[in-house]
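Participant: sequence first, then the predicted structure, then my questions.
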Amino acid sequence: MKSRTFLILLVCVALLAAVAFFTLRSEERDTHDRTLGQPVLADLPFDRIDKIRIASSRERVELVKTLRGWGVAQKKGYPADFAKISDLVEKLQKMKIGKRFSVDPEIRNRLALHPPGDASTPEESVAVRLTLLDEENRTLADLLIGNARSSETGYGGQYLMHFDQDTVFLADQSLKFLETEPAEWIHRKAVDLDAGTIRSVALYRGNTADPVYRLERQQGDTGFTLAAAAVGGTLEAGKVDRVTEALSPLRIEDVLPAEDPGRDISFENADRFEFRTEDGWRYTIELGPSFSRQEETYTYARVEKSAPKNEDSKTVPQETTEETAAVNSADDELGRWIYVISNWKNEDFIRDPKQLVKAPDGDLGSES
């Protein structure tokens, strides 16, 4: 073969190789570009989510769907915050790919994408692991949530990756505040009583039969009067409202099972407030010992709800619907728990009747 002919063939082969190379690169780029803007969890059957597990290097929480709704496994099934779960699922549904690239050790360290459980990994490099499972405990999705991407506007997306893959996604939904502490997922309103239905509130000390004081009003009246207390004067509306609205709602910080709280909690000689409604329902809250944690003060409390009685001392029958059945079921369980309330909520339960009365002119009075 002549050298001229060989050279021509060599140039042709090089041209064909170049065309093939750039064609493949173009196809790869097209495939890559088609993923941008697509859902991170495009094939996830969200209606089949039955469990949500969230774990960090220090804590973990499991949220479980039951016939009675979502519950927190670490809190013995205490009701979870459904709105918070819905918000998480909605973010996962909307989460789209803004960028993707391969992971390597340096990227895992910098973007905090190491899975929890490796004691040798620095805590700042460990991801939050989010696992979604179905009723049969089959994994529907398993994500490692890394650092948020910062930008000039303060937030530029969320770095994450599938647990068993090596591709990092920059997603457009923020998951940087995904809590792993079980108490952060409980339903905070243990009781949410309509203050307009309150007929009376009485404070009892220990097992005494006579109240320390009673705030009461007649049906249709807008204001309360002070009874069963040797205190005179004009009631201070703001203080009265604090007491009568203390269960509107009763916001809690944590919850423990009453049958086995894991610590010694005594309610002997506890202060007891009884709230009675216009239609005869009675809510009783006992305020137990207080404790401090991280420079904050909290108080243990127990709550019970009693149904109204008719003249024959039988429970008044009520029409039962699916909604009322769910509410009544939750009410029946109030006594199963010991609640942890904050100091500011504890102070709504004013113990001294003198604090409910306006101080005389020139007297600052006592503070609650």
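Facilitator: Nice, thanks for sending it over. Numbering: from 1, shown residues only.
Participant: so what are the domain limits for this structure?
Facilitator: Segmentation of the chain into domains, based on automatic domain parsing, reads 46-185, 189-356.
Participant: rank these by pLDDT, which is bottom?
Facilitator: Per-segment mean pLDDT for these reaches its minimum on domain 189-356, at a mean of 88.
Participant: from the chain's centre, how far out does that domain sit?
Facilitator: 23 Å (C-alpha atoms, centre = their mean, to the nearest Å).
Participant: span of it from start to end?
Facilitator: Chord length of domain 189-356, first to last residue, is 26 Å (C-alpha to C-alpha, to the nearest Å).
Participant: circling back to that earlier point, in a markdown table: the domains of the chain, plus distance to Leu36 and mean neighbour count.
Facilitator: All C-beta atoms are positioned from the backbone trio N, CA, C, and that covers glycine. Formatted as a markdown table, the domains of the chain follow (distance: least, C-beta to C-beta, whole Å; neighbours: other C-beta atoms under 10 Å):
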| stretch | distance to Leu36 | mean neighbour count |
| --- | --- | --- |
| domain 46-185 | 6 | 16 |
| domain 189-356 | 42 | 15 |
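Participant: which of the helices or strands spans Leu287?
Facilitator: Using DSSP states H and E, Leu287 sits within strand 282-293.
Participant: ditto for Arg108
Facilitator: helix 105-111.
Participant: neighbouring contacts of that helix?
Facilitator: Outside helix 105-111, the residues that touch it by C-beta atoms under 8 Å, 6 or more residues apart in numbering are Phe101, Leu113, His114, Pro122, Ser125, Gly146, Asn147, Tyr159, Val168.
Participant: relative to Leu44, how far out is the second one?
Facilitator: In this view, Leu113 and Leu44 are 20 Å apart by C-beta to C-beta, to the nearest Å.
Participant: go on, the third one?
Facilitator: Here the criterion is C-beta to C-beta. By it, His114 lies 24 Å from Leu44.
Participant: dump the residue contacts of Ala141.
Facilitator: Ala141 neighbours (C-beta under 8 Å, 6+ apart): Leu41, Leu44, Leu92, Leu130, Thr131, Leu132, His162.
Participant: my read is that the last one contacts Ile145, right?
Facilitator: Think His162. No: His162 lies out of contact with Ile145 (C-beta atoms under 8 Å); the separation is 11.3 Å.
Participant: contacting residues for Leu356?
Facilitator: Residues in contact with Leu356 (C-beta under 8 Å, 6+ apart) are Tyr213, Leu215, Leu226, Val231, Leu235, Glu236, Lys239, Val240, Val243, Ile350.
Participant: got phi/psi on it?
Facilitator: Per-residue torsions, Leu356: phi -90, psi -10 (degrees, to the nearest 10).
Participant: and Gly335, by the same measure?
Facilitator: phi -70, psi -10.
Participant: could you do Ala83 as well?
Facilitator: The phi and psi torsions at Ala83 (degrees, to the nearest 10) take the values phi -60, psi -40.
Participant: from Asp47, how far off is it?
Facilitator: Distance, Ala83 to Asp47, using C-beta to C-beta: 18 Å.
Participant: just the pLDDT for the closest residue to Gly233 other than its chain neighbours.
Facilitator: Distances taken as C-beta to C-beta, 6 or more residues apart in numbering put Val357 closest to Gly233, at 3.9 Å, once the chain neighbours are dropped. Note for Val357: predicted pLDDT of 95.
Participant: distance of Val357 relative to Tyr213?
Facilitator: Per C-beta to C-beta, Val357 is found 10 Å from Tyr213.
Participant: again, but for Lys305
Facilitator: Going from Lys305 to Tyr213 by C-beta to C-beta gives 22 Å.
Participant: now Thr121
Facilitator: From Thr121 to Tyr213 the distance is 58 Å (C-beta to C-beta).
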